[in-house]
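K.L.:
coords please:
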Amino acid sequence: MARAIWNNATLADSDKFIVVENNYYFPPEAVHFEFLREHAGYHTECPWKGTASYYDVVVDGQTNADAAWSYLEPKPKAVNITRYVAFWKGVRIET
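P.N.:
A predicted model of the protein is given here:
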């Protein structure tokens with residue numbers, strides 16, 4: 001079981017996470033999307049995973065900008081993390 005926590009809120013929890021490059025990717029059904037706000041227009045590129053889309057994490061009126069990301073249409077080598085969500089920028093991962 002892994003859990004993503006920020007500002008005392010559980011953002012995701014699952015035993016079906018995938019670790020890629022030391023990042024924990026949570027399946028969409030394990031993510032509490034009520035704490036995520038899509039950051040439209042902000043993307044980054046990974047040579048082997050593809051285009052990452054970002055989310056702001058919002059808890060109790062506080063925003064952690066671009067603290068979550070997902071590959072909505074990854075390249076073939078990363079198809080196993082399609083729509084999974086990973087976190088950073090102070091989001092704590094407990095295992």
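K.L.:
how far is the worst-scoring helix or strand of the chain on mean pLDDT from where the chain is centred?
P.N.:
Comparing every helix and strand of the chain by mean pLDDT, DSSP states H and E singles out strand 36-46 as the least confident one, with a mean of 92. How far strand 36-46 lies from its chain's middle: 11 Å, per CA atoms, centre = their mean, to the nearest Å.
K.L.:
between whichever helix or strand comes after it and strand 36-46, what angle do the directions make?
P.N.:
Of the helices and strands lying after strand 36-46 in sequence (DSSP states H and E), the nearest is strand 50-59. Taking axes from the mean of the first three to the mean of the last three CA atoms, to 10 degrees, one finds strand 50-59 and strand 36-46 inclined to each other by 150 degrees.
K.L.:
If you count neighbours, what's buried in strand 50-59?
P.N.:
The neighbour-count check on strand 50-59 (16 or more other CB atoms under 10 Å) flags 50, 52-59 as buried. Every C-beta, even on glycine, is put in place using the N, C-alpha and C of the backbone.
K.L.:
what's the angle between the next helix or strand after it and strand 50-59?
P.N.:
Under the assignment DSSP H and E, the closest C-terminal helix or strand after strand 50-59 is strand 62-70. Interaxial angle, strand 62-70 versus strand 50-59 (the same axes, to 10 degrees): 150 degrees.
K.L.:
For strand 62-70, buried residues please.
P.N.:
64, 66-70.
K.L.:
Farthest-apart pair in these, please.
P.N.:
Across the buried residues of strand 62-70, the longest distance by CB to CB is 15.5 Å; it joins Asn64 and Ser70.
K.L.:
returning to what we had before: Provide the contact partners of the least confident helix or strand of the chain at residue level.
P.N.:
Applying CB atoms under 8 Å, 6 or more residues apart in numbering, the contact partners of strand 36-46 are 11, 51-58, 63, 65-66, 68-69, 71, 78, 85.
K.L.:
Also stretch 56-63?
P.N.:
In contact with stretch 56-63 (CB under 8 Å, 6+ apart) are residues 6-9, 11, 35-37, 39, 64-68, 87, 91.
K.L.:
repeat that with 7 Å
P.N.:
Stretch 56-63 is contacted from outside by 6-7, 9, 11, 35-37, 39, 64-68, 91, using CB atoms under 7 Å, 6 or more residues apart in numbering.
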